[in-house]
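[1] make a model of this:
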Amino acid sequence: MDLTGQLLIAMPGMGDPRFDRAVVLICAYSEEGAMGLIVNKPTEEVALKDMLEQLSIDSGSSTPDIGVHFGGPVETGRGFVLHSLDYVSSLNTLRVDNTYGLTATLDVLEELAQGRGPENVLLALGYAGWGPGQLESEIAQNGWLTCAATSDLIFGTADQAKWDAALHSLGVDALLLSADAGRA
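    From the prediction side, this is the model:
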C-alpha cells in the first residue's frame, strides 16, 4: 500500500490534540516512514507577507494574501509550500504525485512575492512525520481513515470544512464515528 498523495482523516479519540480533526496530505511514503502536511489548521499569527518580511524578501502589491497553516509538530520553524504542478523548481520540488508538488526553498516564496508562482498554494510551518511502520500501526488502531485527495478539497474548501468534506468523500457521517476500533 502506497499512501503518497492520499489524505489521512483523524478519527475521534485521536490521542494527540495537535491532530484533532486533522486532515493530512501524505507527501512522501516509503519503508522508512511517512511525511505529510496538515491541510486544515491555519495559524492565526502568520501570513505570507510576514514570512517574506522575516526572510527579507521584497513583496509587491501583487503579493497574494495567503495565510499559513500548522503543517505538523515536526520542525515547526521550517516552511513548506504545497502547490499545483503549474510551478516546478527543477531541483527543489518534490512531486507528490501527478497533481501536487512540495517545495521548501526560497525560490517559490520569491515567485509568490512577485505575484507569480503556482496557481494553487498552501503554506505550512512544520510537518507530520512517522517512523517505519508507525503510520500503518496508527491506521490499524483506528487512528486514521484514508481517502483520495482532490485539489478542490485541499485548495478550494474552507479549512474548517475540510474534515467533514474528507469524511463525506468516503460516504461517512461524522456523527456516526466512534473512537473505538472494531474487530471481526
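[2] where does the chain have low pLDDT?
    62, 90, 176-184 (pLDDT under 70).
[3] can you map out the helices along it?
    With DSSP state H as the criterion, the chain has helices at 48-54, 106-113, 134-140, 151-156, 162-169.
[4] what packs against the shortest one?
    The criterion is 3 or more Cβ pairs under 8 Å, 6 or more residues apart in numbering; DSSP states H and E, and the helices and strands that helix 151-156 contacts are strand 74-84, strand 121-130, helix 162-169. Just so you know, the C-beta spots here come from the backbone N, C-alpha and C atoms, and that holds for glycine as well.
[5] just the C-alpha atoms of it, please, in CSV.
    Only the C-alpha atoms of helix 151-156 are listed here, as CSV (Å, rounded to 0.1, in the frame of the first residue of the first chain):
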residue,chain,number,x,y,z
SER,A,151,-7.4,19.7,-5.4
ASP,A,152,-10.8,21.0,-4.7
LEU,A,153,-10.7,19.6,-1.1
ILE,A,154,-7.1,20.8,-0.4
PHE,A,155,-7.2,24.2,-2.2
GLY,A,156,-10.9,25.0,-2.7
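[6] picking that back up, out of the helices and strands packed on helix 151-156, deepest packed?
    Comparing the helices and strands packed on helix 151-156 by mean neighbour count (mean count of other Cβ atoms under 10 Å), strand 121-130 ranks first with a mean of 22.
[7] that one versus strand 74-84: what angle between them?
    130 degrees (axes from the mean of the first three to the mean of the last three Cα atoms, to 10 degrees).
[8] residues contacting strand 121-130, please?
    With contacts defined as Cβ atoms under 8 Å, 6 or more residues apart in numbering, strand 121-130 is touched by 19, 24, 27, 33-39, 43, 46, 48, 51, 64, 66-84, 112, 138, 154-155.
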